[in-house]
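>>> Need coordinates for the below:
(2 chains)
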Number of protein chains: 2
Amino acid sequence: MADQQDLAEADAAHDSVLDQYPMRGEDGEIRPRFVGMIADAVQQGDSAFLQKIVAELHEADLGDLIEALEPELRPRLVELTGAAFDFSALNEVDDTVREEILEELEPETVAEGVRELDSDDAVELLQDLDEEDKEEILEKLPQSERVALERSFDYPENSAGRRMQTECISVPDNWTALQAIEYMRDTPGLPDRFYEIYVVDRDNRLKGAVPLDALLRARRPGPIMDLADEDRRRVSDHEDIAEVARMFGKYNLVAAPVTDSEDHLVGVITIDDVVDVIEEEADENIKALGGVARDEELSDSVWTIAKSRFNWLLVNLATAFLASAVLGLFEGELQKMVALAVLAPIVASQGGNAATQTMTVAVRALATRELGSNNAWRVVMREGLVGLVNGLAFAAITGVAAAVWFKTSGLGIVIGLAMICNLVAGALGGILIPMALQRLRADPAVASGTFVTTVTDIVGFFAFLGIATMWFGLKS
Amino acid sequence: MADQQDLAEADAAHDSVLDQYPMRGEDGEIRPRFVGMIADAVQQGDSAFLQKIVAELHEADLGDLIEALEPELRPRLVELTGAAFDFSALNEVDDTVREEILEELEPETVAEGVRELDSDDAVELLQDLDEEDKEEILEKLPQSERVALERSFDYPENSAGRRMQTECISVPDNWTALQAIEYMRDTPGLPDRFYEIYVVDRDNRLKGAVPLDALLRARRPGPIMDLADEDRRRVSDHEDIAEVARMFGKYNLVAAPVTDSEDHLVGVITIDDVVDVIEEEADENIKALGGVARDEELSDSVWTIAKSRFNWLLVNLATAFLASAVLGLFEGELQKMVALAVLAPIVASQGGNAATQTMTVAVRALATRELGSNNAWRVVMREGLVGLVNGLAFAAITGVAAAVWFKTSGLGIVIGLAMICNLVAGALGGILIPMALQRLRADPAVASGTFVTTVTDIVGFFAFLGIATMWFGLKS
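Here you go, the predicted structure:
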């Protein structure tokens, strides 16, 4: 906890508070002492001090600080710092945290904050609010800004149009480079940071893009169109943002113009948005493979999380009962030879793990588009062979171990054969199931796991107990 | 397959071959017909045609094309196209493919190609080669370029120094903005694309960074230092590249200067490198969670893959035997009541799935630094509660199902109690094991899965059979 003296000293020094009381320790984690100091200041309503801090912090750090505060202090921090508070910091926190804060604040306060934001940040800030709350805030905005934001909200959620920034610099195609430079120099209110400017015709149709370095290096009297790259990769406003991110990654872009169906320039997508999308996609992929909802966040409540995970577990329970039903078919045999009951889970588990390896590779390769129709057959063959090779290896190891354990050589042969069957089945299931799901336009990451382990559980139990029944003549 | 006429027509048209014969179909996949046309041209040694194609293709597309060709045609394509071939395309293909091609080519050819590359691309191209092959190529380079590359290779593999581009634009701190602009305009051989320039003192110590838009918008007579951002986030040359990528993502950077321990400017990291790193990290995370080696690639051979996956499966086999040993402890009870053998896998599997959900969230949150010491306790509590809530829910469902299936209500109570134990144990294991591994400086993504499912298998079997033994008094 920070005491009053800390604050007084910091105030007195009159220079950077952050230099004196750094937010993060050596390891990059936020110092609890710093959070304590801010919490105290919020509780005491020390606007002057908080405004200073907030002005010095990068929006990303401000977001981290907000998450570190107790929920009830968060909206108060925003209110106490007023115009010094950069609302884009709220885009750096979990969705639930953001919504809680926005619901606490007056619509006027939010509207004031929104006005300072670039359009893409404003859209991100408001998009998850209830229609009603959103309306209330939009009403407080000046007409032109409201209309612009509403246009963005009209685009589908994961489209380029929804994610783009509508502020971008465009110049007429009959200008010279010098005119463009003077325009940038003399026009207030242009976007903060930009990497290229766009050339449009009189109907605002995109003619080309000029990277800033080309503009800087150019002999200035020439026409701007001489510098424009007319083949510039552009993004259609309805394109899926994940597709756009792949294009950025592939062609190393930092910005791309967004055009509507008639080629009008409507905005720009920049690399920082794309980095967010790439991280979100990876995050969703990993969560989907782990059976967790895409939008689960660390700040969600116990109840929300338990509910959302329940569904997936329920599907798994059904498949587990299905696998057990296979065991149930062999009840008589299990009773005659209880070693089978002890060993059966090994066959199922080994198959499940091998299948998960294959499935992970397949899901990932489908997501990155490395696996497509031109190499599908080769990859399926390869996975099948890998399953066979490892099936043989583990048949030997498991066979010997089982034979020694239960002093029955026949048991070793039976489990070995079952292992080969199940590792090949697992490999084929691991690759074919994600490919089939992809073809059916389902997300392979979400559903593959359940299907794949169902296959290996059922094949594992069936192969092991079926072969055992034949080998030992257990059938009565 | 393309026939001769195709080629003749394409040649005759004298304009873009790609417009006539697009490489990709509507869906973005490479057209087999296009690959066939290129394969024919390589076999016939048609350099003129191939040079045209290669010059028109973006390096990323050229990389995809190379991967689509039969292995023996790949180095021949490079040889036939000579100076028109952009070696950075080889950084877009799988490591194994790249190495095969580089080993086939003459060192002189590779050295010629390397000379055209930016330093970071050259390092990436050569870094996985044998020391000997690398030396042979480096020897063919002019002294200054060789020394520069060797300096990059001296940095550790995942450091900023290894990944940075040594070519960057720096100007003395006593220049004016106008001088800087004129320097950029008049100096040939500057990097192709750049977003900011750096200001250094006479000892090459970094004084600040000037974004290009600031330079363009500035009144030019002023000193360059007036435009420089002195607090610019910089990267130390030995910093881990994953850390750098996190910083870029967090603070929305497009470029950052790299400095050595004495603050000398040694290079620049740009966002395109960072996007690659983010994608690699996500890829490795997903693979690690699926039990696949980080460097496994779609073009690896059956044997390479089988070997690398074998190790992980072996660990899993050991844990599966461990779990079965628990079953073995209850052999007598299983024989007396075979329903226990049929139902035990359900308890284990449901616990394993719940634990995997928790583990996925934990591993991801550790990777993104969302989970740290200041919220660890809260998250552990939350996961434990989620486990309890879902444990209760599935205790009810599974209990009723088991009681109905085997017409024994006691069995329902036993499996229900075991389910609660195992889901709570799974939840705690799923969060505590990754956190412990992280603290031990092991990668939680790699090892957590095995430990976590071992916990749920053992706890599941033990709880279920132990409670059953007590309930039914099966112990003899």
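>>> What is the neighbour count of residue A:280?
Applying other C-beta atoms under 10 Å in any protein chain shown, we find 15 other residues in the vicinity of residue A:280. (Glycine included, C-beta is placed from N, CA and C.)
>>> any idea how far it is from residue A:274?
According to C-beta to C-beta, to the nearest Å, residue A:280 and residue A:274 sit 10 Å apart.
>>> Got phi/psi on residue A:235?
Taking degrees, to the nearest 10, you get phi -120, psi 140 for the backbone angles of residue A:235.
>>> Now for whichever residue of the stretch 351-476 of chain A sits closest to chain B: which residues touch it?
For the stretch 351-476 of chain A, the residue closest to chain B is residue A:360, as judged by C-beta to the nearest C-beta, at 2.6 Å. By C-beta atoms under 8 Å, 6 or more residues apart in numbering or on different chains, the contact set of residue A:360 is A:289, B:286, B:287, B:289, B:290, B:291, B:292.
>>> In space, what's closest to the fifth one - neighbours in sequence excluded?
Which is residue B:290. Distance criterion C-beta to C-beta, 6 or more residues apart in numbering or on different chains; nearest residue to residue B:290, sequence neighbours excluded, is residue A:360 at 2.6 Å.
>>> would you say the one you found is within a strand?
No. Counting by DSSP: H, G, I helix; E, B strand; the rest coil, residue A:360 falls outside a strand, being helix.
>>> what about residue A:333, distance to chain B?
9 Å (C-beta to the nearest C-beta, to the nearest Å).
>>> okay, now residue A:76: neighbour count?
What residue A:76 shows, counting by other C-beta under 10 Å, is a neighbour count of 17.
>>> And for it, nearest residue in space, chain neighbours not counted?
Closest to residue A:76 by C-beta to C-beta, 6+ apart is residue A:42, at 5.3 Å.
>>> hey, where'd the strands end up in the stretch 151-300 of chain A?
Ranges of strands in the stretch 151-300 of chain A, per DSSP state E, counting those that start in this stretch, are A:170-172, A:196-200, A:206-211, A:235-236, A:255-259, A:265-270.
>>> Quick one: list the elements packing against the helix or strand where residue A:427 lies.
Secondary structure from DSSP states H and E places residue A:427 in helix A:409-439. Other elements packing on helix A:409-439 under the criterion 3 or more C-beta pairs under 8 Å, 6 or more residues apart in numbering or on different chains; DSSP states H and E are helix A:338-367, helix A:376-406, helix A:444-472.
>>> So for that helix, what gets flagged as buried?
A:411-435, A:437-438 (16 or more other C-beta atoms under 10 Å in any protein chain shown).
>>> and what of stretch A:280-294?
For stretch A:280-294, a neighbour-count test (16+ other C-beta under 10 Å) marks A:281-293 as buried.
>>> Closest to residue B:111 out of these?
residue A:282 (36.8 Å; C-beta to C-beta).
>>> From chain B, how far out is that closest one?
3 Å.
>>> Hmm, residue B:280 and that residue touching each other?
No. Under the criterion of C-beta atoms under 8 Å, residue A:282 makes no contact with residue B:280, lying 10.5 Å away.
>>> Give the residues shared as contacts by those two.
Joint contacts of residue A:282 and residue B:280 (C-beta under 8 Å, 6+ apart) do not exist.
>>> For chain A, give me the ranges with low pLDDT.
For chain A, applying pLDDT under 70 flags the ranges A:1-15, A:219-221, A:474-476.
>>> Can you measure across stretch A:148-166, start residue to end residue?
8 Å (C-alpha to C-alpha, to the nearest Å).
>>> about what we covered before: and for the residue nearest to residue A:76, the neighbour number?
24.
>>> and the stretch 351-476 of chain A, which of its residues are near chain B?
Within the stretch 351-476 of chain A, the positions adjacent to chain B are A:353-354, A:356-357, A:359-361, A:363-365, A:368-375, A:379, A:382, A:385-386, A:389-390, A:393-394, A:397-398, A:401, A:405, A:457 by C-beta under 8 Å from any C-beta of the partner chain.
>>> try 6 Å this time
Residues of the stretch 351-476 of chain A lying close to chain B by C-beta under 6 Å from any C-beta of the partner chain are A:353-354, A:356-357, A:360-361, A:364-365, A:370, A:372, A:382, A:385-386, A:389-390.
>>> list the buried ones in stretch A:19-29?
Buried residues in stretch A:19-29 (16+ other C-beta under 10 Å): A:21, A:23.
>>> could I get that stretch in CSV with only the CA atoms?
Presented in CSV, the C-alpha positions along stretch A:19-29 are these (Å, rounded to 0.1, in the frame of the first residue of the first chain):
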residue,chain,number,x,y,z
ASP,A,19,9.9,7.6,-13.5
GLN,A,20,9.6,7.9,-9.8
TYR,A,21,7.1,5.1,-9.3
PRO,A,22,7.4,2.7,-12.2
MET,A,23,4.3,0.7,-13.0
ARG,A,24,6.1,-2.5,-13.7
GLY,A,25,8.8,-4.4,-11.9
GLU,A,26,11.9,-5.9,-13.5
ASP,A,27,10.0,-8.9,-14.7
GLY,A,28,7.4,-6.8,-16.5
GLU,A,29,4.6,-7.5,-14.0
